[in-house]
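> Give me the fold of what follows.
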Amino acid sequence: SQDPQPPEMEMDMPISVVHLGPDGPYVLAGNESLVMEVLGRDFRLSAGAFFQVNLGQAENLVRHCLEAAGEVGSGTLLDVYCGVGLFSAFLAGRGRRLVGIESSPAACEDFAANLDAFDDVELYQGAAEEILGQLDLHPDFVVVDPPRAGLARDALDALARMQPQRILYVSCDPSTLGRDAARLLKQGYRLAAVTPFDMFPQTYHIESASLFELSAA
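Below is the predicted model of the structure:
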């Protein structure tokens, strides 16, 4: 149908339905955004923004990310494909500066709301390959959580030029992870560990978190 008008509906259930049309989101029932809790922290999540649906494993991913980040002191942390700020909200405050990169306008609005309590947090809206190439950063720790297509080549090259000590690569596709891992190894990194996360039990879908460390010169 070419009709841009959202369908009419009546609902007597405690759920939210939002129509994402050419004129933006239109609330058909409930609220425009949801609140999801991870490790005791509430996250605003708008329609159209990505969030891990398995909250138990999302908590495990966050714990794993914090362990991988370790102590960064006065360093800089970088969250690429940061979404609504799932990792950033727990990393913020660990270093002197946290920088997020996200292309989704809805997710960026949620990120701003979810990280509002923190100082020294910056958010850049746009494609990772475009933003990374313009930033003059030397982060101590980077977390990347790209879509199935993985890291664009320009994004990976720009990230490697920053020479972060550690990169945690959260992947939902083994084939693009393998491709990007090979590229990172050529850029001077070593694969320190790979940890699987069973996001959808009794299905083939396994996410992974791969920790890359910058090899000594």
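
> Next SSE downstream of the lengthiest helix in the chain?
Taking DSSP state H as the criterion, the chain has its longest helix at helix 55-69. Sequence order places strand 76-80 as the next helix or strand after helix 55-69, per DSSP states H and E.

> List of residues touching the helix or strand following that following strand?
As assigned by DSSP H and E, the chain's next helix or strand after strand 76-80 is helix 88-91. Helix 88-91 is contacted by residues 39, 41, 43, 62, 65-66, 69, 77, 79, 82, 98, 100, 111, 114-115, 118, 121, 141, 143 when judged by C-beta atoms under 8 Å, 6 or more residues apart in numbering. (Glycine included, C-beta is placed from N, CA and C.)

> again, but for stretch 107-120
33, 43-46, 48-50, 82-85, 88-89, 92-93, 96-98, 100, 102, 121, 123, 125.

> one more time with 7 Å
43-46, 49-50, 82-85, 88-89, 92-93, 96-98, 100, 102, 121, 123, 125 (C-beta atoms under 7 Å, 6 or more residues apart in numbering).

> repeat for stretch 204-217
So stretch 204-217 is contacted by 61, 64, 68, 163-172, 177, 181, 184, 188-199 (C-beta under 7 Å, 6+ apart).

> Helices - which of those residues land there?
61, 64, 68, 177, 181, 184.

> what's the closest of these to Asp154?
Distance to Asp154 across the ones in helices among the contacts of stretch 204-217 (C-beta to C-beta) is lowest for Leu184, with 14.3 Å.

> what about the strands in the chain?
For the chain, the strands defined by DSSP state E cover 17-21, 24-29, 33-38, 41-46, 76-80, 97-102, 121-125, 141-144, 166-171, 189-197, 207-214.

> That'll do, ta.
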